[in-house]
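Sequence first, then the predicted structure, then my questions.
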Amino acid sequence: MASLFTRIIEGDAPARFVWKDEQCVAFLSIHPLKTGHALVVPRVEVDHWIDLDAALMSRLVHVAQIIGTAQRTAFRPEKVALMIAGLEVRHVHLHLVPIWDLHDMDFERQDRDPDPAALDAAAARLRAALIELGRTEVPGA
């Protein structure tokens with residue numbers, strides 16, 4: 001059975017995409033820790049990050065840097081945190097979270113019922129920042 005992220009990538013489940021390329025995608029979390037919380041996900045379904053091909057892992061981290069730079073531009077956080085956990089969805093994904101405090105990475109504080117308009121606005125800000133930074137491969141999703 002396909003993971004939730006595979007269903008999102010294939011268009012069978014909705015998402016607010018901010019990046020798409022041949023190897024990976026990035027979209028906003030539906031349960032954000034902070035505004036602009038994004039996930040970088042490989043198109044290939046792999047459960048554990050240590051099982052990724054080194055070149056694909058490198059690509060994911062490179063895209064995470066690009067998205068993180070855009071998050072810094074769009075949301076002006078103190079830092080952009082990167083975490084790989086993988087227990088909630090068994091498909092590798094990198095969490096990128098604009099943070100101001102270490103507690104901003106506490107998954108007990110995630111927003112379980114975010115305002116859809118706020119998620120749309122955060123996605124638009126992130127896409128605009130990517131374009132401002134010279135990225136032309138940003139999807140219009």
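Yep, it's here.

Which stretches in the protein count as helices?
Ranges of helices within the chain are 4-9, 54-75, 116-132, based on DSSP state H.

ok, now how distant is A124 from L56?
29 Å (Cβ to Cβ, to the nearest Å). All C-beta spots, glycine's among them, are computed from the backbone N, C-alpha and C.

Have a look at these two and say which one is more surrounded.
Shown here are A124 and L56; by other Cβ atoms under 10 Å, L56 has more neighbours (17 against 13).

So which residue is dead centre in this protein?
By Cα atoms, centre = their mean, the chain has its centre lying nearest to L39, at 2.0 Å.

Who are the contact partners of R72?
Shown in contact with R72 (Cβ atoms under 8 Å, 6 or more residues apart in numbering): 80, 98.

could you redo the last one with a cut-off of 6 Å?
R72 is in contact with V80, counting by Cβ atoms under 6 Å, 6 or more residues apart in numbering.

Okay, now the unreliable bits of the protein?
Applying pLDDT under 70 to the chain flags the ranges 137-141.

if we go to 80?
1, 136-141 (pLDDT under 80).

Point me to the residue sitting farthest from the middle of it.
Farthest-from-centroid check, the chain (Cα atoms, centre = their mean): M1, 22.5 Å.

Can you give me the distance of that one to E45?
From M1 across to E45, the span is 10 Å (Cβ to Cβ).

and what of L133?
29 Å.

what's the answer for I9, then?
Distance, I9 to E45, using Cβ to Cβ: 9 Å.

Look at the two and report which has more neighbours.
More neighbours surround I9 than the other of I9 and E45, with 23 against 14 (other Cβ under 10 Å).

what sits against the more buried one?
Going by Cβ under 6 Å, 6+ apart, the list of residues near I9 reads 25, 43.

give me that answer again for 10 Å
Neighbouring residues of I9 by Cβ atoms under 10 Å, 6 or more residues apart in numbering: 2-3, 15, 17, 20, 24-25, 27, 41-45, 91.

Now tabulate the residues you listed in a markdown table and tack on distance to L102.
What follows is the contacts of I9, written out as a markdown table (distance: Cβ to Cβ, whole Å):
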| residue | distance to L102 |
| --- | --- |
| A2 | 35 |
| S3 | 29 |
| A15 | 28 |
| F17 | 29 |
| K20 | 31 |
| C24 | 27 |
| V25 | 28 |
| F27 | 25 |
| V41 | 25 |
| P42 | 28 |
| R43 | 32 |
| V44 | 32 |
| E45 | 31 |
| H91 | 27 |
